[in-house]
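K.L.:
Got a predicted model here, sequence first, then my questions.
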Amino acid sequence: MITTKAYAAKNATSQLAPFSLTRREVGAHDVLIEIAYCGVCHSDIHQARDEWGGSIFPMVPGHEIVGKVTKVGASVAKFKVGDLAGVGCFVDSCRVCPSCKDGVEQYCEGNSVITYNGLEKDRKTPTYGGYSSHIVVDENYTLKIPANLELSAVAPLLCAGITTFSPLRHWKIGPGHKVGVMGLGGLGHMAVKLAASFGAEVTVISTTKSKEADAKRLGAKGFIVSADQDAMNAHGRTLDFIIDTVSAPHDINAFLNLLKLDGTLVMVGVPPEALPVQAFSLITKRRRLAGSLIGGIKETQEMLDYCGKHGITSDIELIPIKDINDAYERMIAGKVRYRFVIDMKTL
Ligand code: NAP
Ligand code: ZN
Ligand code: ZN
């Protein structure tokens, strides 16, 4: 067993604090990664505070993991000691269901293993995430990291990047499309960068007027403050596609009305409560309401390679791990520009 330093939440109301855990020995197909950086996703907060229900404690959050391979199993072919490696939101899946066979393991219908707040394949051992010094992961669920990008700013690509890349690709967003991005946080700012780089015309819809200059710098052409009813009316029926990254309850009908005929709004944000949908918001323009969950291993690698080629990373604020509880409060207040990343040297 590999003793590993970490930060954990003891229960849904406790602050995160130092914690010690053990990782499994490196198996034939495993790599041991010394974690350099881990991004802080709003899903970490939802789960550490048990906002979605069913959380497993103690919990070590973190699924935007990058670091260096320090040991490889006897059968590992993809990595050697010293390589950079990344781990996202899941670390294994059943490998035999239709989704796994199609390379969309995030929709695994069998025994899948999420990076933390889940159970290993034995369905007994809890999984612990990236707010820790090391992690042991099967090479098939480990990503190659482009060497030309700043490593700390790559970490958020493992969740925020792929979660926005995947729906943009699935709905074939590109030149000629008018895309709305709701919420300019970790996911939202990646959605703006990626959609703009795919050639779409991007409009950010935000609660925070002061983010307008940043939205434009990130690649948006338009900016709407969602509380400005006149602006929302003026932009009615103008967008082809919207990505909703909002983490808290909101009136989704107001945003559906921004879609043109046959437009699609994809939910990636996961507010803890259900959102009421007016049938009229959909039927009057044959609109679609959809959802999307992270991305498969193959697509995550494509996203990382794409970002390497186009020089795309996250805008980050690097924090020592002792500041993690403050970082959570700042994220809830919408005060992150635009992703906190933990410097694991500080653990
Ligand atoms: P984040 O950095 O906190 O960003 C969320 C943004 O939502 C905020 O920056 C804010 O943007 C907006 N917002 C917050 N509270 C709001 C409110 N009450 N009303 C309207 N807008 C509000 O969070 P994140 O890490 O990007 O995650 C966003 C959501 O996606 C979370 O629910 C997370 O769990 C979920 N998620 C889903 C997947 C998936 O696979 N589908 C993957 C990762 C994360 P403005 O200031 O611009 O309004
Ligand atoms: Zn995430
Ligand atoms: Zn499966």
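P.N.:
Yep, that arrived. Ligands and ions are numbered 1, 2, ... in the order given.

K.L.:
Please report the distance of residue 125 from residue 101.
P.N.:
Going from residue 125 to residue 101 by C-beta to C-beta, to the nearest Å gives 26 Å. Every residue, glycine included, has its C-beta placed from N, CA and C.

K.L.:
Okay, strands next: where are they in the stretch 51-200 of the chain?
P.N.:
For the stretch 51-200 of the chain, applying DSSP state E, counting those that start in this stretch gives strands covering 65-72, 84-87, 90-92, 113-114, 134-138, 143-144, 178-182.

K.L.:
Mean neighbour count added to these, as TSV?
P.N.:
Output for the strands of the stretch 51-200 of the chain, formatted as TSV (neighbours: other C-beta atoms under 10 Å):
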stretch	mean neighbour count
strand 65-72	21
strand 84-87	24
strand 90-92	22
strand 113-114	20
strand 134-138	22
strand 143-144	19
strand 178-182	27
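
K.L.:
Which among these is found nearest to ligand 1?
P.N.:
strand 178-182 (7.2 Å; C-beta to the nearest ligand atom).

K.L.:
and the closest one, is it in reach of ligand 1?
P.N.:
No - Strand 178-182 lies apart from ligand 1 when judged by C-beta under 6 Å from any ligand atom; the minimum separation is 7.2 Å.

K.L.:
same question for that strand, mean pLDDT?
P.N.:
The average pLDDT within strand 178-182 is 99.

K.L.:
So which residues make contact with it?
P.N.:
Contact with strand 178-182 is made by 168, 173, 188, 191-192, 195, 200-206, 220, 226, 238-246, 250, 255, 258, 260, 269, as judged by C-beta atoms under 8 Å, 6 or more residues apart in numbering.

K.L.:
Kindly recompute the last result at 6 Å.
P.N.:
173, 188, 191-192, 195, 200-205, 239-244, 246, 255, 258 (C-beta atoms under 6 Å, 6 or more residues apart in numbering).

K.L.:
Tabulate the strands of the stretch 51-200 of the chain (JSON lines), appending distance to ligand 2.
P.N.:
Compiled in JSON lines, those are given as follows (distance: least, C-beta to the ion, whole Å):
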{"stretch": "strand 65-72", "distance to ligand 2": "11"}
{"stretch": "strand 84-87", "distance to ligand 2": "12"}
{"stretch": "strand 90-92", "distance to ligand 2": "11"}
{"stretch": "strand 113-114", "distance to ligand 2": "10"}
{"stretch": "strand 134-138", "distance to ligand 2": "16"}
{"stretch": "strand 143-144", "distance to ligand 2": "15"}
{"stretch": "strand 178-182", "distance to ligand 2": "17"}
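
K.L.:
For residue 25, which of these is the nearest?
P.N.:
Closest to residue 25 of the strands of the stretch 51-200 of the chain is strand 134-138 (C-beta to C-beta; 7.7 Å).

K.L.:
so what strands line up beside the closest one?
P.N.:
strand 30-39 (antiparallel) (DSSP bridges).

K.L.:
ok, the closest residue to ligand 1 within the stretch 51-200 of the chain - how many residues close by?
P.N.:
Per C-beta to the nearest ligand atom, residue 185 is where the stretch 51-200 of the chain lies closest to ligand 1, at 1.9 Å. Other residues near residue 185 number 25, with proximity taken as other C-beta atoms under 10 Å.

K.L.:
Can you name the residues of the stretch 101-250 of the chain that neighbour ligand 2?
P.N.:
Counting by C-beta under 5 Å from the ion, the stretch 101-250 of the chain comes close to ligand 2 at residue 159.
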